[in-house]
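> What follows is a protein structure lacking sequence information:
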């Protein structure tokens, strides 16, 4: 398996523009997580899905952020409109929620810069 | 809510020496999992080692081992025979045991490890 695949790896956009980050989890995994990493706040969980259903989105900063998982092999995180304070590295991770399966596997992250 | 604390923002070690990174956590649960992840400059998050709280034996993975003190809620990582490739940011993470909580990870602030040649 190729692991968790995120695209793009880098994104530079202007304030006010819409940004869409994409994630393909590991095949067979049933949980998917979106994390944000900044110097100030470290690694924060934004939202996670179990069996394509959003379970907890309490970490989503505000209404400008939305996430979807239309099927087991694809998820998006959208920011509209983007602001400079959204600049961060966004990670997608997947895992299998079940006995004996413990660790989450991370993608390489998307570095977002909003200017 | 669970919290994870890494009190050492930075650590350094000489190549071939041993270094210990500290982590403490707070939880009211009795069953849970603990992890150490490594993030090199490539920013890929790589699992280093994991520990199940119900296991008394400390986990080991080659040069990496943990000192798990459940009563003290302490989970330190020891790296033996440090290599230049060990230089990275290290994150301690907690995961609840019960499925109703999901398998989300709560991370510490991270410790930046420098390995000096």
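Perfect, I can see it now. Predicted model, so just to flag it, every value in this text is computed and none were measured.
> nearest residue to the residue in chain A that chain B sits nearest to other than its sequence neighbours?
Nearest to chain B in chain A, going by C-beta to the nearest C-beta, is residue A:106, at a distance of 3.7 Å. All C-beta spots, glycine's among them, are computed from the backbone N, C-alpha and C. Excluding its sequence neighbours, the residue lying closest to residue A:106 (C-beta to C-beta, 6 or more residues apart in numbering or on different chains) is residue B:45, at 3.7 Å.
> how close does that neighbour sit to residue A:23?
Distance from residue B:45 to residue A:23, counting by C-beta to C-beta, to the nearest Å: 14 Å.
> Kindly report the same for residue B:93.
Distance from residue B:93 to residue A:23, by C-beta to C-beta: 19 Å.
> now residue B:57
Counting by C-beta to C-beta, the gap between residue B:57 and residue A:23 amounts to 36 Å.
> quick one: which of these two has more around it?
With neighbours defined as other C-beta atoms under 10 Å in any protein chain shown, residue B:57 and residue A:23 compare such that residue A:23 has more, 25 against 8.
> so where does that one fall, helix or strand?
If you go by DSSP states H and E, residue A:23 is part of strand A:19-24.
> List the buried residues for that strand?
Within strand A:19-24, the residues that count as buried by 16 or more other C-beta atoms under 10 Å in any protein chain shown are A:19, A:21-24.
> touching chain B at all, that strand?
No: against chain B, strand A:19-24 shows no contacts by C-beta under 8 Å from any C-beta of the partner chain, the least distance being 13.7 Å.
> Show me what that strand packs onto, helices and strands only.
strand A:5-7, strand A:10-13, strand A:74-79, strand A:88-95, strand A:110-114 (3 or more C-beta pairs under 8 Å, 6 or more residues apart in numbering or on different chains; DSSP states H and E).
> wait, what's in contact with residue B:111?
For residue B:111, the contact set (C-beta atoms under 8 Å, 6 or more residues apart in numbering or on different chains) comprises B:6, B:8-11, B:21-22, B:89-90.
> mind checking how far it is from chain A?
12 Å (C-beta to the nearest C-beta, to the nearest Å).
> Likewise for residue B:34?
Distance from residue B:34 to chain A, by C-beta to the nearest C-beta: 10 Å.
> wait, doesn't that residue sit right on residue B:75?
Yes: contact criterion C-beta atoms under 8 Å: residue B:34 and residue B:75 qualify, at 4.7 Å.
> residues touching the residue nearest to residue B:53 when sequence neighbours are not counted, list them.
Sequence neighbours aside, residue B:32 is the residue nearest to residue B:53 in space, at 4.8 Å (criterion: C-beta to C-beta, 6+ apart). Going by C-beta under 8 Å, 6+ apart, residue B:32 touches B:2, B:53, B:94-97.
> ok, what's across the strand from residue B:32?
With DSSP bridges as the criterion, residue B:32 is bridged to residue B:96.
> Looking at the contacts of residue B:32, spot the one nearest residue A:6.
residue B:95 (21.4 Å; C-beta to C-beta).
> pretty sure residue B:39 contacts residue B:87?
No: Residue B:39 lies out of contact with residue B:87 (C-beta under 8 Å); the separation is 10.8 Å.
> Least confident secondary structure element in chain B?
strand B:105-107 (a mean of 91; mean pLDDT, DSSP states H and E).
> Understood, closing this out.
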